[in-house]
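A.B. asks: Sequence and predicted structure, then a few things I'm wondering about:
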Number of protein chains: 2
Amino acid sequence: MAEGSDDIQALIALMGRLPGLGPRSARRIVLHLIRKRQGQMAQLSALLDSVASNSRECLTCGNITDRDDCAICTDPARATGEICVVQDVADLWALERGHAFKGRYHVLGGTLSALDEIGPEDLGIPSLIDRIARDRISEVILALNATVDGQTTAHYIADALEGTGVTVTGLAQGVPIGGELDYLDDGTITAALRARRRL
Amino acid sequence: MAEGSDDIQALIALMGRLPGLGPRSARRIVLHLIRKRQGQMAQLSALLDSVASNSRECLTCGNITDRDDCAICTDPARATGEICVVQDVADLWALERGHAFKGRYHVLGGTLSALDEIGPEDLGIPSLIDRIARDRISEVILALNATVDGQTTAHYIADALEGTGVTVTGLAQGVPIGGELDYLDDGTITAALRARRRL
Ligand SMILES: [Zn+2]
Ligand SMILES: [Zn+2]
């Protein structure tokens, strides 16, 4: 056993499976934390425990929150009649960092995919359509990835909303072909939102 | 507040200060963990808590352990009369992964540095010299980084052991100039150990 104790080895193995990490980076992080075991390591354990216990999906939009409804859905200033539809919570966070959008969100949790057998009901598209009917929504902004599946999903939602009187727009300028929103810098995503076009 | 809750923001900030991580990679890891909050996240919190509570430095060699003396210091098969002196626990782990060394270790916890005012007593060099006198050590292998401070430290220890009858060797072939042990592949470190030379 090279690494101190069974728990240390288990910790390195678990850390090494996190996105972007591997065995080498996990070992460096774990050693660093052991050196700071009274401070940073104990704090990290407590925060992980708290976030694991208290996080849930917002019942309205699917954002991650520690309440039934997230801070955005319960903020009266954000009842602008605009809903921005995103694939993933990471995309919602990226848009919020841009501070350009003042409405509310709907998190699909993925895209339509024939290959993976993901249909509209798996993505909460019916709940989006209910929400639009219920909440006097004037504009739906489809902020989906510029991938084939993302654009297929955008077209599906645009078609489903035809005849409802809701304006459907999509991010325009700035999203590179094949690009994923979460990797864009905040300025690009803000420009793309400002230059959104009607679909 | 873009990221869900105060705890989520604090968690991202804490993760982003770990070695090799930044705000973007920390956000990805935290979102990944929130998706697996019943499993991986709870497990990670528990392991961090256990390792933080139970880890300490081996009283003999300075390795990280969950007992007073580490598994290497208490393994009778490793009483070979050889002590391998390393700068850091990461280097001990790297040597153990190579499976080439069957003796025991002494972890200095740094190198001598006039600039940073780190002297022999800050590095447990007196305790190394005591240990060598006490434990019938025949060979001390100085497996220190091939940096100026690492080599200054090696020469200091070699000088301090002159006249004790102990053979002092250093890693030879394979350690690139300016290289740090922890970044080498396991094969290189093993070759360097096998080809060690008398100083
Ligand atoms: Zn919400
Ligand atoms: Zn030990």
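C.D. replies: Looks like it came in fine. Ligands and ions are numbered 1, 2, ... in the order given.

A.B. asks: Need the residues that contact the helix or strand containing residue A:90.
C.D. replies: According to DSSP states H and E, residue A:90 maps onto helix A:89-98. Here helix A:89-98 makes contact (C-beta atoms under 8 Å, 6 or more residues apart in numbering or on different chains) with A:62-64, A:84, A:86, A:101, A:105, A:107, A:143, A:145, A:181-182, A:184, A:186-187, A:189-190, A:193, B:2-4, B:27-28, B:31, B:34. In short, each C-beta sits where N, CA and C put it, glycine included.

A.B. asks: from those, which are also near ligand 1?
C.D. replies: Here is what survives when the contacts of helix A:89-98 are matched to ligand 1 using C-beta under 5 Å from the ion: residue A:63.

A.B. asks: Just the contacts of helix A:89-98: which are in strands?
C.D. replies: Residues of the contacts of helix A:89-98 located in strands (DSSP state E): A:64, A:84, A:86, A:105, A:107, A:143.

A.B. asks: Using neighbour counts, trim these to the buried set.
C.D. replies: A:64, A:84, A:86, A:105, A:107, A:143 (16 or more other C-beta atoms under 10 Å in any protein chain shown).

A.B. asks: What about the nearest residue to the second one once chain neighbours are set aside, how many residues nearby?
C.D. replies: Translated: residue A:84. Closest residue to residue A:84 apart from its sequence neighbours, by C-beta to C-beta, 6 or more residues apart in numbering or on different chains: residue A:141 at 4.5 Å. Residues lying near residue A:141 (other C-beta atoms under 10 Å in any protein chain shown) number 23.

A.B. asks: ok, now the one 4 residues further on?
C.D. replies: Burial of residue A:145, expressed as a neighbour count using other C-beta under 10 Å, amounts to 23.

A.B. asks: And residue A:82, by the same measure?
C.D. replies: A total of 18 residues lie near residue A:82 under the criterion other C-beta under 10 Å.

A.B. asks: Check residue A:148 too.
C.D. replies: Neighbours of residue A:148 under the rule other C-beta under 10 Å: 11.

A.B. asks: before we move on, back to that, reformat the buried ones among the ones in strands among the contacts of helix A:89-98 as TSV; add pLDDT and distance to residue B:38.
C.D. replies: Below are those laid out as TSV (pLDDT from 0 to 100; distance: C-beta to C-beta, whole Å):
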residue	pLDDT	distance to residue B:38
A:64	94	14
A:84	94	29
A:86	94	24
A:105	95	24
A:107	95	19
A:143	90	29
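
A.B. asks: Quick check: the farthest pair among those residues?
C.D. replies: Largest separation among these by C-beta to C-beta: A:64 and A:143, giving 17.1 Å.

A.B. asks: one step back: for PyMOL, write the select line for the buried members of the contacts of helix A:89-98.
C.D. replies: Selecting the buried subset of these in PyMOL, with 16+ other C-beta under 10 Å as the burial test, is done by:
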select buried, (chain A and resi 62+63+64+84+86+101+105+107+143+145+181+182+184+189+190+193) or (chain B and resi 2+3+4+27+28+31+34)
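
A.B. asks: From the contacts of helix A:89-98, which land in helices?
C.D. replies: Among the contacts of helix A:89-98, DSSP state H puts A:186-187, A:189-190, A:193, B:27-28, B:31, B:34 in helices.

A.B. asks: ok, so of those residues, who is nearest ligand 1?
C.D. replies: Comparing the ones in helices among the contacts of helix A:89-98 against ligand 1 with C-beta to the ion places residue B:34 closest, at 14.7 Å.

A.B. asks: what's that closest one in contact with, if anything?
C.D. replies: Here residue B:34 is in contact with A:51-52, A:55, A:64, A:89, B:4, B:8, B:41 (criterion: C-beta under 8 Å, 6+ apart).
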